[in-house]
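Asker: fold the following.
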Amino acid sequence: MDSEIAPLIQARQYDEAFGRIVNAFRDKVFRLACTFLRNEAQAEDAAQEVLIKVWKALPGYHGGASLSTWIYTITRNTCLTEIRRRAARPTTSLQDPQLEGVVEAVAAADAPQPQPGQAADLEWMLAQIPDRYRRVVVLFHLEQH
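Answerer: Residues are numbered from 1 along each chain as shown. Sure, this is the predicted structure:
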């Protein structure tokens with residue numbers, strides 16, 4: 001594959017070369033990103049970022065390393081940067097099992113003020129989510145902070 005794409009890059013036919021790169025490497029880049037990041041959504045974002053970086057860097061590719069090695073190095077570096085970014089700014093995925101019920105509770109909190117009898121339902125829903133998330137919902141939606 002490298003032998004078909006490298007001559008296009010050398011001939012400055014970047015559009016054609018990039019199209020072939022995307023077809024040949026997008027799945028491999030995604031799988032490598034999944035291996036590093038262990039999160040499909042973040043791996044998709046990283047794979048897109050890698051392809052953008054490859055597009056921007058194509059004019060600078062001079063064949064010192066094979067094309068696949070060059071692309072995998074960009075992928076690895078992009079993923080390592082994302083891992084460092086994550087470590088500096090921890091987040092919680094909305095798919096976290098601990099957040100089960102939070103979406104429903106937020107939707108309930110966004111609803112109009114409860115009628116008599118509904119307040120108990122709202123209290124019950126809030127009681128179903130972990131305390132640290134319940135505080136956030138209560139402060140933001142019920143106490144208008």
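
Asker: so for the helix or strand Met125 falls within, what's the average pLDDT?
Answerer: Per DSSP states H and E, Met125 falls inside helix 118-127. Computed over helix 118-127, the mean pLDDT rounds to 71.

Asker: any idea which helix or strand comes after it?
Answerer: Using DSSP H and E, the helix or strand that follows helix 118-127 towards the C-terminus is helix 131-137.

Asker: still on that earlier bit, just checking, what packs against the helix holding Met125?
Answerer: For helix 118-127, the packing partners by 3 or more CB pairs under 8 Å, 6 or more residues apart in numbering; DSSP states H and E come out as helix 102-110, helix 131-137. No exception for glycine: its C-beta is placed from N, CA and C like everyone else's.

Asker: so which residue is dead centre in this structure?
Answerer: Computing the C-alpha centroid of the chain and ranking residues by CA atoms, centre = their mean puts Gln42 first, at 2.4 Å.

Asker: next up, the contacts around it.
Answerer: 33, 82 (CB atoms under 8 Å, 6 or more residues apart in numbering).

Asker: what residues of the helix or strand hosting it count as buried?
Answerer: In this structure, Gln42 sits in helix 40-57 according to DSSP H and E. Under the neighbour-count criterion of 16 or more other CB atoms under 10 Å, helix 40-57 has 42-43, 46-47, 49-51, 54 buried.

Asker: next, format those as CSV and append pLDDT and distance to Gly60.
Answerer: Below are the buried residues of helix 40-57 laid out as CSV (pLDDT from 0 to 100; distance: CB to CB, whole Å):
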residue, pLDDT, distance to Gly60
Gln42, 92, 27
Ala43, 94, 25
Ala46, 95, 21
Ala47, 96, 21
Glu49, 96, 17
Val50, 96, 15
Leu51, 95, 16
Val54, 93, 11
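
Asker: about what we covered before: mean pLDDT lowest for which of the helices and strands packed on helix 118-127?
Answerer: helix 102-110 (a mean of 62).

Asker: touching, Glu16 and Ile9? I think so.
Answerer: No - using CB atoms under 8 Å, Glu16 is not in contact with Ile9, being 9.4 Å away.

Asker: these two: which is more packed in?
Answerer: Ile9 (21 against 12; other CB atoms under 10 Å).

Asker: what separation is there between that one and Arg38?
Answerer: Counting by CB to CB, to the nearest Å, the gap from Ile9 to Arg38 is 32 Å.
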